[in-house]
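**Student:** One predicted model, sequence on top.
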Amino acid sequence: MTRAANRKALVAASLLLLAAAALAFPSGAFAAGSPVAPEFSLTAQDLQALTAGLPGSIQQAILADPRGFLHLLAQVLDQPQDLLVLVDKGHLLGAGYVPPDLVPLRGYRLAVSRNDLSLRRVIMTDVLAMVAAAKADGVTLLFSSSYRSYEYQKEVYAREVTTYGQEAADRESAHPGASQHQLGTAIDFGSITDEFAGTRAGRWLAAHAWEYGFTLSYPKGYEQVTGYRWESWHYRYITRPAARLQREFFGDVQQYLLEFLDAHRTQLQGARSP
C-alpha cells in the first residue's frame, strides 16, 4: 500500500470512529460545530486536527472516546506545567536551571545507593506512597540516581563517551541540558542495567509505578521515538493524571504524551470552557 493510500485509510478510519461516537451520544454532543466534552470548546473536527500528527493507533483511541480523553486531559492541564515539560535531545534545559525545591533523600527512610541523592519536594508524597506500596508487596525500591545538575551531567556524558565511544554513549546518555535528571523528577532504580527489568523491583515498577505518577521514559522498541535505547530502570514523575492519560490514550509511551502537550498546550488552554 502506498503512503497516500495509507493516509486515505487513516482518514477513513477516523471518520468512522467519529460516526460511531456520534451514535454513542444521541444527545447531539457530536453535532457539527458542537463541543464534544464540557471541559473544552473543541469540536470533533478540532480534536481530529489536533491529533492528526499522532500515530494512527493513538489517534484512533482518542477519537473512539473523546469525552473520556478530554475529561482526563483537563485534569492533566491543571497540574504544574514544570512537571510535564518536554526534555529530550531537541528540547534542552539551560545550564543555570536548578529545581526550586530540591530535598536530600537522606532525610527520608529510603534505600539509597549514595547519600547525596535528591529530588523535588513536590513529588515526595507520591514517592513515599510508591515506596510504601512496594514494601507492602515485599519489594524494596533502591534509589540509584536522581537529580543531576547540568555540570554533573556534563561529567557523566563525557565519561560515557570515553568509555563506550560517541555512538554508544548517545544511545543511553544525555548531553548536558537534555537529561530528565536535571528536572529533579527522574529516578534510576536498582542496578541501572538491563537485568533490572527481571528483578522483583523491576517487575513491580512496570506494573504499578504509573499508579503513583511515574512512567518509564525510554521503553523497549521506541529508540527512534525517544532518542534513547530501552532503560528499564529510568522512571520520571509526570503526575498521576498524566500517567493515567499516557496509559489509556497514548499507547503508554511518555514521549508521545509530552510531545503532544508541548505542541498543543497553548491551544488547549485557550479552548478550556469557563
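**Tutor:** Received it, and whenever you're ready, just let me know what you need.
**Student:** burial measure for T125, as a count.
**Tutor:** Using other Cβ atoms under 10 Å, T125 is surrounded by 11 other residues. No exception for glycine: its C-beta is placed from N, CA and C like everyone else's.
**Student:** Only alpha carbons, please: show the helix or strand harbouring it as PDB.
**Tutor:** T125 is part of helix 124-136 when elements are defined by DSSP states H and E. Extracted as PDB, the C-alpha positions of helix 124-136 are listed here (Å, rounded to 0.1, in the frame of the first residue of the first chain):
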ATOM      1  CA  MET A 124       7.900  13.300  47.600                       C
ATOM      2  CA  THR A 125       4.400  12.500  48.800                       C
ATOM      3  CA  ASP A 126       3.900  10.200  45.800                       C
ATOM      4  CA  VAL A 127       7.400   8.900  46.000                       C
ATOM      5  CA  LEU A 128       6.800   7.800  49.600                       C
ATOM      6  CA  ALA A 129       3.400   6.300  48.700                       C
ATOM      7  CA  MET A 130       5.000   4.200  46.000                       C
ATOM      8  CA  VAL A 131       7.800   3.000  48.200                       C
ATOM      9  CA  ALA A 132       5.300   2.100  50.900                       C
ATOM     10  CA  ALA A 133       3.100   0.200  48.400                       C
ATOM     11  CA  ALA A 134       6.100  -1.700  47.100                       C
ATOM     12  CA  LYS A 135       7.200  -2.600  50.600                       C
ATOM     13  CA  ALA A 136       3.700  -3.900  51.400                       C
END
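**Student:** what's the following helix or strand after that helix?
**Tutor:** Next along from helix 124-136, by DSSP H and E: strand 142-145.
**Student:** Contact partners for the residue nearest to G94 when sequence neighbours are not counted?
**Tutor:** Distances taken as Cβ to Cβ, 6 or more residues apart in numbering place G177 nearest to G94, at 6.9 Å, with adjacent residues excluded. Shown in contact with G177 (Cβ atoms under 8 Å, 6 or more residues apart in numbering): L92, L93, G94, A95, Y150, Q153.
**Student:** Assign a three-state SS to G177, would you?
**Tutor:** Secondary structure, DSSP: H, G, I helix; E, B strand; the rest coil: G177 is coil.
**Student:** thinking again about what came up before, now, the contacts of G177 that are in helices?
**Tutor:** If you go by DSSP state H, the contacts of G177 have Y150, Q153 in helices.
**Student:** What's the PyMOL line that selects buried ones from the contacts of G177?
**Tutor:** Command for PyMOL that selects the buried part of those, burial taken from 16 or more other Cβ atoms under 10 Å:
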select buried, resi 92+93+150+153
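**Student:** Identify the farthest-apart pair in the contacts of G177.
**Tutor:** Largest separation among the contacts of G177 by Cβ to Cβ: G94 and Q153, giving 12.5 Å.
**Student:** And stretch 131-148, end to end?
**Tutor:** 21 Å (Cα to Cα, to the nearest Å).
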